[in-house]
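S.K.: This is a predicted model, with the sequence first.
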Amino acid sequence: MIRDIFDIYNRNWSQILIWSFVIILPVTVISFLSMIYVYTSENAVAPEYFSVFAIILNFIICIPPFMRMVIVYKQDHSINSLEGIFFFIKQFGILFVFTGIFYFIAVIGIYFLFIPTILALVFLLIFPFFSEGRNVKEIYKNTIQVIMKENISLIGELLVIFCLNIGCWVIMMLFLAQYENNIFAFLVFRVLLNALVFPIIYIYLTLRFRKEISNPIME
């Protein structure tokens, strides 16, 4: 799979570069600045919950063009940059709504021995790779099938990815608390990190979850 990941990356580097600049960069900037605003606001309530939501949303919202790129590539086709951007816009609404709903379930689940929290986070990190389904029922069905099939190994894998994202943000916020004048430097660092790492993770997860890649769901 590692060979496939780098092969796809190398053969689509121009699209990846454009999407990183047009999609990942502004989404990361908005997420970062919104977190700073909430943390510095005197009226903010539970800013840590908002920060985690911003981190998760930042990761999920940018998935669509990279996912589609992998699927059409495995079908011996190609996708241009504009098609990826349009697909991002098309999927934005459902990704935003689903992320908000399941993040709320994850937060509430903290008070129920974390079981709903874990299930909601696992669902949250899988469903974007099936978000192009014809309806909500199909998205839910395909996501549940992957969860049931992969089971424990899937949970561990996704928690590692989740913790890496949260960990990066936490470390940056700790530094930010000590060096208040370096906000721009940390923003640039985070944007570059996301632009470099996110596409590789998206390619890997698409290959991992879309096992029917030779017969994609997308129209």
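M.R.: Yes, it's here. Residues are numbered from 1 along each chain as shown.
S.K.: Toward the C-terminus from the one helix or strand in the chain whose mean pLDDT sits lowest, list the very next helix or strand.
M.R.: Sorted by mean pLDDT, DSSP states H and E, the helices and strands of the chain end with helix 152-178, the least confident at a mean of 68. Where DSSP states H and E defines the elements, the next helix or strand beyond helix 152-178 is helix 183-209.
S.K.: Now find how far off-centre that next one is within its chain.
M.R.: 9 Å (Cα atoms, centre = their mean, to the nearest Å).
S.K.: and it, which residues are buried?
M.R.: Buried residues in helix 183-209, defined by neighbour count with 16 or more other Cβ atoms under 10 Å: 186-187, 190-191, 194-195, 198-199, 201-209. (Each C-beta comes from the backbone N, C-alpha and C, glycine too.)
S.K.: Only the buried residues of the longest helix that the chain contains, if you could.
M.R.: If you go by DSSP state H, the chain has its longest helix at helix 81-109. For helix 81-109, burial by neighbour count (16+ other Cβ under 10 Å) applies to 81, 84-85, 87-88, 91, 94-95, 98-99, 102-103, 105-107, 109.
S.K.: Nearest to residue 70, out of those: which one, please.
M.R.: residue 84 (11.2 Å; Cβ to Cβ).
S.K.: secondary structure class for residue 42?
M.R.: coil (DSSP: H, G, I helix; E, B strand; the rest coil).
S.K.: Give me the neighbour count for it.
M.R.: Neighbour count of residue 42, defined by other Cβ atoms under 10 Å: 4.
S.K.: Low-confidence stretches in this structure?
M.R.: 151-155, 158-159, 162, 165-166, 168-182, 212-219 (pLDDT under 70).
S.K.: which residues does residue 119 contact?
M.R.: Applying Cβ atoms under 8 Å, 6 or more residues apart in numbering, we find residue 119 in contact with residue 109.
S.K.: how close does it sit to residue 125?
M.R.: Computed with Cβ to Cβ, to the nearest Å, the distance linking residue 119 and residue 125 is 11 Å.
S.K.: likewise residue 105?
M.R.: 13 Å.
S.K.: Give me the outermost residue of the chain relative to its centroid.
M.R.: Farthest-out residue of the chain from its mean C-alpha position, per Cα atoms, centre = their mean: residue 42, at 29.4 Å.
S.K.: measure it to residue 48 for me?
M.R.: 16 Å.
S.K.: Equivalent analysis for residue 133, please.
M.R.: Taking Cβ to Cβ, one finds residue 133 at 33 Å from residue 48.
S.K.: Neighbour count: these two, which is higher?
M.R.: residue 133 (17 against 13).
S.K.: does that one count as helix, strand or coil?
M.R.: coil.
S.K.: If we ignore the residues flanking it in sequence, what's nearest it?
M.R.: residue 139 (4.1 Å; Cβ to Cβ, 6 or more residues apart in numbering).
S.K.: Residue 85 too?
M.R.: Residue 85 sits nearest to residue 22 (Cβ to Cβ, 6+ apart), 6.2 Å away.
S.K.: Correct me if wrong: the one you found contacts residue 89.
M.R.: No: if you go by Cβ atoms under 8 Å, residue 22 and residue 89 don't touch, sitting 10.9 Å apart.
S.K.: Counting neighbours, what do you get for residue 137?
M.R.: Counted with other Cβ under 10 Å, residues neighbouring residue 137 total 9.
S.K.: and it, what element?
M.R.: Taking DSSP H and E as the definition, one finds residue 137 inside helix 136-150.
S.K.: Perfect, that will be all.
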